[in-house]
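Trainee: Generate a structure from the sequence data that follows.
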Amino acid sequence: MNIESKKIVYADNAATTPVLPEVVSAMTPCFETLWGNPSSLHDMGQKAKELLDDARARIAGILGCESRELYFTSCGTESDNWAIKGAALASKGRKRIVTSKIEHPAVLNTCRTLEKQGFEVIYVGVNSNGIVNMDELKAAVNNDTLLVAVMMANNEIGTIQPIKEIAEIAHANGALMFTDAVQAVGSIPVNVKELGVDMLSFSGHKIGAPKGVGALYVKKGVRLANLIDGGGQENGHRGGTENIPYIVGLAKALEISMERLPDNERIIRMRDRLINELLKIPYTNLNGDPTERLPGNVNVSFEFIEGESLLLWLNYNGIAASTGSACSSKSLDPSHVLLATGLPIEKAHGSLRFSLSHSNTDEDVDLILKVVPEVVGNLRKMSPIFPG
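Mentor: Below is the predicted model of the structure:
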């Protein structure tokens, strides 16, 4: 069946979002008439630079920072790499990095790379709801710690971390605080000054902008080694001609996300209805914190079945969901996030994530609640270990 003609309930917004029509409209002039290089001194270049400066100022205003503290990148993964590697390579003598066991692979694999280069990385555990163990974190952060890196909201289970408190612990020991806010920015209010963070990353395609654009907030005075050297763009800290159309799109998408924040109440109602009804299915449990979670995140585990099989049957019935992080979906290994919360491997294999957005409706939830129990029931009938 042609996907363009197939009715699909899209409930995988944590993986990516469609580009908003308003974003496309904002970007179009950058392709058709305002396509100059912002580093050029002629009129075409300076008009492009005006667009760049305007987008930077608008985004900075929303995040509560200064324009010069915001750097554009290609994605959240690049921003994560730059924040962590840049801080490590610029550190004067300190060798310890403290992070959590449930970070995105962009953070975990970056830390593992630095371990091979002689840095010490402490991976702090979480409780059963996915909240960082604060006692363990306090014990891990010492006067040799250069950076604490804890994500603001988890991409799989939606748990929101106490970032302000974690930042205070980092700063009390002279360490920098970085948070991967890719899932948070655009979904909940985010103000870098209120959080007290030194660095924060986010990505465009999670909020209705295209894939291929992101940003990194770096507090004034923080020293980072460059990740990409080049012609001096981004105030000499990130080489490469700026992607003006996508940056303009990012600014527009973030503004629209802010306008839609009041709609979170409706999304939370849909989320909670979906959770409550799914938990009525026997041998089902909720993953993540019941209340300290992203508005649209629903992550549940069904015992005695494989999440991949469930996902394929949902897709056949016109429902797009996920078994975990889109960035590691090709792996058949159980989710490192769920295992870190103490969930047994067999339960982790049966996990399913729905991530709702402003585009979802009660009718979408109705269809999910109609299809999922039927599919779970059919798959369990074929399971040799199902006791029912």
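
Trainee: what about Leu356, neighbour count?
Mentor: The tally of other residues near Leu356 (other Cβ atoms under 10 Å) stands at 27. In short, each C-beta sits where N, CA and C put it, glycine included.

Trainee: Give the closest residue to it in space, chain neighbours not counted.
Mentor: The shortest distance from Leu356 to any non-neighbouring residue, by Cβ to Cβ, 6 or more residues apart in numbering, is to Gly296 (3.6 Å).

Trainee: so who does the nearest residue to Asp263 once chain neighbours are set aside touch?
Mentor: For Asp263, ignoring the flanking residues on the chain, the nearest one in space by Cβ to Cβ, 6+ apart is His358 at 5.2 Å. Counting by Cβ atoms under 8 Å, 6 or more residues apart in numbering, His358 makes contact with Arg260, Asp263, Ile267.

Trainee: So the last one, which state does it fall into?
Mentor: For Ile267, the secondary structure call by DSSP: H, G, I helix; E, B strand; the rest coil comes out as helix.

Trainee: Could you tell me the model confidence score at it?
Mentor: On pLDDT, Ile267 comes in at 98.

Trainee: likewise the one 3 residues further on?
Mentor: Looking at Met270, its pLDDT stands at 98.

Trainee: Measure how far the helix or strand encompassing it is from the centre of its chain, please.
Mentor: Element membership of Met270, judged by DSSP states H and E, is helix 264-278. Relative to its parent chain, helix 264-278 has a centroid offset of 20 Å by Cα atoms, centre = their mean, to the nearest Å.

Trainee: Residues contacting that helix, please?
Mentor: Applying Cβ under 8 Å, 6+ apart, the contact partners of helix 264-278 are 187-188, 284, 286, 295-298, 300, 354, 356-358, 360, 362, 364-365, 368-369, 372.

Trainee: re the thing from before, now list the buried members of the contacts of His358.
Mentor: Arg260, Ile267 (16 or more other Cβ atoms under 10 Å).

Trainee: Looking at the contacts of His358, which is nearest Ser128?
Mentor: Ile267 (24.6 Å; Cβ to Cβ).

Trainee: how close does that closest one sit to Thr159?
Mentor: Taking Cβ to Cβ, to the nearest Å as the measure, Ile267 falls 17 Å from Thr159.

Trainee: Is Val300 located within a helix, as I assumed?
Mentor: No - read with three-state DSSP, Val300 is strand and lies in no helix.

Trainee: which residues does it contact?
Mentor: Val300 makes contacts with Ile275, Leu278, Leu279, Thr284, Asn285, Leu286, Asn287, Ser351, Leu352, as judged by Cβ under 8 Å, 6+ apart.

Trainee: The residue nearest to Leu356 against Ser355, yeah?
Mentor: Yes - counting by Cβ atoms under 8 Å, Ser355 is a contact partner of Gly296 at 5.2 Å.

Trainee: shared neighbours, these two?
Mentor: Residues touching both Gly296 and Ser355 (Cβ under 8 Å, 6+ apart) are Asn13, Ala14, Gly158.

Trainee: The second one: neighbour count?
Mentor: Number of residues near Ala14 (other Cβ under 10 Å) recorded here: 29.

Trainee: quick one: the closest residue to it other than its chain neighbours from Asp80, how far?
Mentor: Leaving aside its sequence neighbours, Ala14 sits nearest to Ser355 (Cβ to Cβ, 6+ apart; 3.6 Å). Noted for Ser355: a distance of 20 Å to Asp80, by Cβ to Cβ.
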